[in-house]
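Peer 1: how does the following fold in three dimensions:
(4 chains)
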2 protein chains.
Amino acid sequence: MSTTPRERNARCSVARSLDVLGEKWTLLVVREAFFGATRFADFRARLGVAPDVLTARLETLVEGGVLARRPYRDEGQRQREEYVLTEAGAELKTILAAFVAWGDVHRPSGFGPSTVYVDRDTEEPVRIAFLTDDGRELGPEEVSVAPGPGALSRSA
Amino acid sequence: MSTTPRERNARCSVARSLDVLGEKWTLLVVREAFFGATRFADFRARLGVAPDVLTARLETLVEGGVLARRPYRDEGQRQREEYVLTEAGAELKTILAAFVAWGDVHRPSGFGPSTVYVDRDTEEPVRIAFLTDDGRELGPEEVSVAPGPGALSRSA
DNA sequence: CATCTGAGTTGGAAATGCCAACTTAGCAAG
DNA sequence: CTTGCTAAGTTGGCATTTCCAACTCAGATG
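Peer 2: Residues are numbered from 1 along each chain as shown, chains lettered A, B, ... in the order given. The predicted model follows:
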């Protein structure tokens, strides 16, 4: 066979995204960042994650360009570091919204949606969907997945 | 504090989705299912995943309603089981598309997009986006995240 | 200089993942 | 009716990752 799993994965955007986002806790850290967490203790208290794991995840997210480490200083305190979403991090909103949409339907909690996405200005609810260039909305079943220019042929 | 991390996670659709999808290899198994893999050996050859891990992931995905186990029989062979996407599984296309879109921009391979999503009928390219009920498209920066009815207040 | 506080580090046990070798079930050839 | 073949796993041993608790560190304040 001419394409190894390793080569296939290197060419796959899902796999490359998961290099940064795929470990346990990572997406939950990002979720809390969207809810306003910036400090080590924020993330730790909200998630209950072990501190060594949190250290490792924050590190990976900073290296991956999702979070930026930024100094801050509370009055009467020394300077410390906090973690804020970069632009790349902010664009993960799409991925989280996709998880929320799927989970609300297929893994319901029984309490209704935990999170809603709304138009910043009008507060209208907003959903995640497939859209053609001319603005038609398509359901997932109307969309087909095809190898793109960066794909290796599956001649194996 | 009144909300433990455990309670918060139980109410969070991201966390509940990740219960099924969040382990290593899981989303890559789903990706290969979208590319047509159905059999144990398909997944194994394409991903290079260890067989015991693959067994565990397929099991979790079946229990989570993403894949269905279905008997098949090749001529001259005994009956075996294959794994096909359920409707819930097919709706993960949105999540994968969000990963692809993010990865293509923020973790480029240098070879172009590995996967493209197109209109099944017209082959027009399709993208994933936020949409209001009246069909306006919003960029991620125009969308705000708010706690929904199923959320616990963050009184901690 | 002693204390407090946020942000980690360290050490050891438990769980998870990886790899290679083995097992299992039934069909077909002989 | 036994032997071999094949897909789909299981098993055992080792390496890595996660979890938890306790400890460290560094600078601001009294």
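
Peer 1: okay, CA-based contacts and neighbour counts for the rest of this
Peer 2: Noted.

Peer 1: any idea how far apart the tips of stretch A:135-150 sit?
Peer 2: Using CA to CA, to the nearest Å, the end-to-end distance of stretch A:135-150 comes to 26 Å.

Peer 1: with stretch A:70-85 instead?
Peer 2: Taking CA to CA as the criterion, the two ends of stretch A:70-85 lie 10 Å apart.

Peer 1: avg pLDDT for that stretch?
Peer 2: Averaged across stretch A:70-85, the pLDDT comes to 90.

Peer 1: now do the buried residues in that stretch.
Peer 2: For stretch A:70-85, burial by neighbour count (16 or more other CA atoms under 10 Å in any protein chain shown) applies to A:82, A:83, A:84, A:85.

Peer 1: how near is the second one to residue B:133?
Peer 2: Which is residue A:83. On the measure of CA to CA, residue A:83 and residue B:133 end up 34 Å apart.

Peer 1: again with the third one
Peer 2: According to CA to CA, residue A:84 and residue B:133 sit 31 Å apart.

Peer 1: next one: the first one
Peer 2: Counting by CA to CA, the gap between residue A:82 and residue B:133 amounts to 37 Å.

Peer 1: near DNA strand D, which residues of chain A?
Peer 2: A:23-24, A:48-53, A:75-79 (CA under 7 Å from any atom of the strand).

Peer 1: at 6 Å instead, please
Peer 2: By the rule CA under 6 Å from any atom of the strand, the part of chain A lying against DNA strand D is A:23, A:24, A:49, A:50, A:51, A:52, A:53, A:75, A:76, A:77, A:78, A:79.

Peer 1: narrow these to those in strands?
Peer 2: Among those, the ones falling in strands (DSSP state E) are residue A:79.

Peer 1: pick out the residue closest to the middle of chain A.
Peer 2: residue A:92 (4.1 Å; CA atoms, centre = their mean).

Peer 1: for that residue, which non-adjacent residue is closest in space?
Peer 2: residue B:102 (7.1 Å; CA to CA, 6 or more residues apart in numbering or on different chains).

Peer 1: which of the helices or strands spans the one you found?
Peer 2: helix B:93-106 (DSSP states H and E).

Peer 1: tell me the angle that helix makes with helix A:93-106.
Peer 2: If you take axes from the mean of the first three to the mean of the last three CA atoms, to 10 degrees, helix B:93-106 sits at 170 degrees to helix A:93-106.

Peer 1: show residues contacting helix B:93-106.
Peer 2: A:12-14, A:16-17, A:88, A:91-92, A:94-95, A:98-99, A:129-130, A:140, B:27, B:31, B:112-113, B:115, B:117, B:127-128 (CA atoms under 8 Å, 6 or more residues apart in numbering or on different chains).

Peer 1: show me the shaky parts of chain A.
Peer 2: A:1-3, A:5-6, A:152-156 (pLDDT under 70).
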